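A.B. asks: Here's a sequence, model it:
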Amino acid sequence: MEKIVFVIPDMPGGGTERVVALLANEYSRRGIPTGILLFAGSERAYPLDPRIEVVSAGGPSDGSLSVRIGRLRRMRQYYRENKNCQIWAFSAMGTVFSAVAAFGQKHFFLVSERNDPTRYDHRRIRDLCYRLAKVVVCQTEDAVKSFPSGIRKKSVVIPNPLEPKEEPYAGAREKRIVAVGRLNAQKNHRLLLCAFAAFAKEHSGYVLEIYGQGELEAELKALAGKLEIDSSVIFKGFSAHVLSDIKTASMYVLSSDYEGISNSMLEAMALGLPVIATDCPIGGSRMYIRDGVNGLLVPVGDAGALAEAMGQLADDPAFGERLGKEAVKLREELTVSKIADRFLALTARENGGKPQGGNNE
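C.D. replies: Purely as a prediction, here's the structure:
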């Protein structure tokens, strides 16, 4: 049985890391040898089955050529020692480093594109390495369409898995608006703060809780002060039990400029939370949200539309409850077991063989 090796920079918390942890734990539970190769750190924010081999090939390079060369040497040695392993790269840079490190070796090579492919700065290098992969897994059809034809031909769409450990909540909701995501430019928390400032003028008593860490924390706190909403905005940092933290909130908001598929958005929907999301590239939000049926979509960058949607849910709790009840149906569609099976079926098809470790439960 071939070992599956996930390749990602680090595991400090985030959507990609969460997906890797879920899939790795599922495969390990099934008895499939599983490893995680980290190439830019050694953190582990999510619990992992003790049978999973976790190896760090180095820390952040900060642009250092010598650090990158050392990283490549350690990755190449790992691939040589695990000559029959399958390489599943869950980051663009992981794909590039793995393509170089495993050059001349024979490995099944799978790439999982986790974001908007048009936002990557070094697309020529990325595309060259993606062409070396046997298969490219994308999260949406829009992502597939953004690649050159040679990559499109080997691309398939597999969504993210869900493992909500909290049961759907249907009780009284608190006057809390929640957002979950790294504090970086992509997530556009500035838009969220501006929308909340407009919303709060008409809806008193609400607080905005922002879960996540990132380089923009100080800047966002300063903006909250400038907007005179700092007393109603709470920066919660990283939480290992975020679903429990947010389940009684009035609504969840995703304000991103672009996304692959937001795991936190899907998890909020699976909890029965009324969800508002920007209709951002590459289509992950609209892939799962039917506007007005199981959530609300608003245009990217439109603070007025976001504030209006927040007001709609605040003014009509029964409407929000209906959205949440429809959203809960995603729980069955995106189970970890079903998504793990789809990855295994794909690798078996490309290998011309039989799925390894299939779920026979």
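A.B. asks: quick one: low-confidence ranges for this structure?
C.D. replies: In the prediction, the chain carries residues with pLDDT under 70 at positions 352-361.
A.B. asks: Kindly recompute the last result at 80.
C.D. replies: Flagging of the chain using pLDDT under 80 yields the residue ranges 1, 164-165, 351-361.
A.B. asks: Strands of that one, start to end?
C.D. replies: Per DSSP state E, the chain carries strands over the ranges 4-8, 34-38, 53-56, 86-89, 108-112, 135-138, 155-157, 176-180, 207-211, 233-237, 251-254, 275-278, 296-298.
A.B. asks: Pretty sure Lys145 sits against Ser155.
C.D. replies: No: assessed by C-beta atoms under 8 Å, Lys145 is found out of contact with Ser155, at 9.2 Å. Any C-beta I mention is one placed from the backbone N, CA and C, and that applies to glycine too.
A.B. asks: Compare those two (neighbour count), which wins?
C.D. replies: Higher neighbour count among Lys145 and Ser155: Ser155, with 20 against 13, using other C-beta atoms under 10 Å.
A.B. asks: what's near enough to touch the more buried one?
C.D. replies: Taking C-beta atoms under 8 Å, 6 or more residues apart in numbering as the contact definition, Ser155 lies against Val135, Val136, Val137, Cys138, Val144, Phe147.
A.B. asks: I'd like those as TSV, with neighbour count and distance to Arg74 appended.
C.D. replies: Putting the contacts of Ser155 into TSV (neighbours: other C-beta atoms under 10 Å; distance: C-beta to C-beta, whole Å) gives the following:
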residue	neighbour count	distance to Arg74
Val135	18	26
Val136	24	25
Val137	23	26
Cys138	26	29
Val144	21	33
Phe147	22	30
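A.B. asks: of these, closest to Lys226?
C.D. replies: Nearest to Lys226 out of the contacts of Ser155 is Cys138 (C-beta to C-beta; 39.0 Å).
A.B. asks: show me what contacts that closest one?
C.D. replies: Counting by C-beta under 8 Å, 6+ apart, Cys138 makes contact with Glu113, Pro117, Val144, Ser155, Val156, Val157, Ile158.
A.B. asks: could you flag which of those residues are buried?
C.D. replies: Judged by neighbour count, with 16 or more other C-beta atoms under 10 Å as the criterion, the buried members of the contacts of Cys138 are Glu113, Pro117, Val144, Ser155.
A.B. asks: Excluding covalently adjacent residues, which one is nearest to the first one?
C.D. replies: Spelled out, that is Glu113. The spatially closest residue to Glu113, leaving aside those adjacent along the chain, is Cys138, at 4.9 Å (C-beta to C-beta, 6 or more residues apart in numbering).
A.B. asks: can you pull up the bridge partners for that neighbour?
C.D. replies: Counting by DSSP bridges, Cys138 is bridged to Val157.
A.B. asks: Look up how far Gly295 lies from it.
C.D. replies: Cys138 sits 22 Å away from Gly295, going by C-beta to C-beta, to the nearest Å.
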